[in-house]
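S.K.: show me the folded form of this:
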Amino acid sequence: MKLTLSAGIGILLTAMFVLSAIFAPLIAPYPLDLTVGGVWDAPSAKNWLGTDTIGRDILSRLIYGGQITIFVALASSVIAFSLGSFFGFLAAVRGGWTDQILSRIVDLMMAIPSPIVALVLLSVLPLNLPVLILVIGVLDSTRVFRLARAVSMDIAVMDYVEAAKLRGEGQIWVIFREILPNALSPLVAEFGLRFIFAVLFISTLSFLGLGVQPPLADWGGMVKENKDGLIYGKSAALMPAAAIAALAISVNLVADWVLSRTTSLKGGRGA
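M.R.: Numbers count the residues shown, from 1 in each chain. The predicted model follows:
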């Protein structure tokens with residue numbers, strides 16, 4: 001696949017975000033909660049991006065916040081794709097009442113906006129990372145289910161799938177050996193988009209106080225902590241917002257490139 005300029009930029013920026021998240025303790029100039037200056041100090045040689053509302057280094061908190069944000073978004077996206085893809089494939093292969101029941105459950109879940117459902121659930125459940133990841137993953141799996149079902153409905157009528165059924169292969173074998181390999185292209189492209197939606201979802205929840213909780217830090221929470229500085233012309237809240245935008249743009253560039261280079265249906269392998 002020929003690498004375009006925009007895809008190259010997207011891959012480079014995404015790699016920078018991922019590497020900074022992995023090596024956060026080695027890269028960050030200061031510990032996460034260390035006070036190193038005054039309130040909303042301007043950028044300087046000591047604090048490259050200035051300090052926040054209680055004098056902590058913004059660059060260090062951005063690096064550590066990226067680690068939490070990317071981890072939660074990635075984990076919830078993996079859960080969403082695991083659940084959504086499996087049940088989407090199952091609905092397409094089995095059809096009948098299985099398809100109807102699963103589809104109606106998904107329609108019911110999608111009828112209520114996900115942010116509202118997440119706010120209700122997180123207001124009564126313990127606020128910790130496993131719960132946050134699970135809630136976001138389950139809610140996002142409905143979108144993956146619709147895509148996986150639509151793609152696998154086309155694949156399920158292919159000759160090589162019919163041949164596998166005639167050989168007596170079970171439904172699980174058909175799903176994982178025939179349908180999944182030929183549905184990977186659109187799912188991989190969709191994964192990038194779902195990942196970004198998860199980042200935005202997490203940031204929104206944290207801004208509302210129901211996302212990542214202190215002493216951990218994430219970009220949405222950093223915007224909330226420093227939003228009052230905008231009144232005084234301080235840019236502390238804009239730094240994490242810019243990080244969210246940069247990550248979204250970079251991953252979208254990669255996802256668009258993958259999507260443009262793949263088709264929703266590839267020729268299946270012979271059984």
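S.K.: isn't V151 right up against L184?
M.R.: No - with contacts counted by Cβ atoms under 8 Å, V151 stays clear of L184, the gap being 9.7 Å. Every C-beta, even on glycine, is put in place using the N, C-alpha and C of the backbone.
S.K.: these two: who's more crowded?
M.R.: Between V151 and L184, counted using other Cβ atoms under 10 Å, V151 has the larger neighbour count: 24 against 15.
S.K.: quick check: phi and psi at the more buried one.
M.R.: phi -70, psi -50 (degrees, to the nearest 10).
S.K.: with W40 instead?
M.R.: According to degrees, to the nearest 10, W40 has phi 50, psi 50.
S.K.: ok, it - how many residues close by?
M.R.: Neighbours of W40 using other Cβ under 10 Å come to 21.
S.K.: OK, contacts around the residue nearest to it when sequence neighbours are not counted?
M.R.: Leaving aside its sequence neighbours, W40 sits nearest to K234 (Cβ to Cβ, 6 or more residues apart in numbering; 4.3 Å). Listed by Cβ atoms under 8 Å, 6 or more residues apart in numbering, the contact set of K234 reads 40, 50, 226.
S.K.: now L32
M.R.: So L32 contacts 56, 60-61, 64, 215, 217 (Cβ under 8 Å, 6+ apart).
S.K.: kindly report the same for L125.
M.R.: L125 touches 131, 135, counting by Cβ under 8 Å, 6+ apart.
S.K.: joint contacts of V151 and L184?
M.R.: Joint contacts of V151 and L184 (Cβ under 8 Å, 6+ apart) do not exist.
S.K.: which strands and helices sit next to the helix or strand containing D140?
M.R.: Element membership for D140 (DSSP states H and E) is helix 129-155. Applying 3 or more Cβ pairs under 8 Å, 6 or more residues apart in numbering; DSSP states H and E, we find helix 129-155 packed against helix 58-94, helix 96-111, helix 114-124, helix 180-207.
S.K.: relative to helix 180-207, how tilted is the third one?
M.R.: To tie it back to what came earlier, the one meant is helix 114-124. 60 degrees (axes from the mean of the first three to the mean of the last three Cα atoms, to 10 degrees).
S.K.: next one, pLDDT for M153 please.
M.R.: As predicted, M153 sits at a pLDDT of 85.
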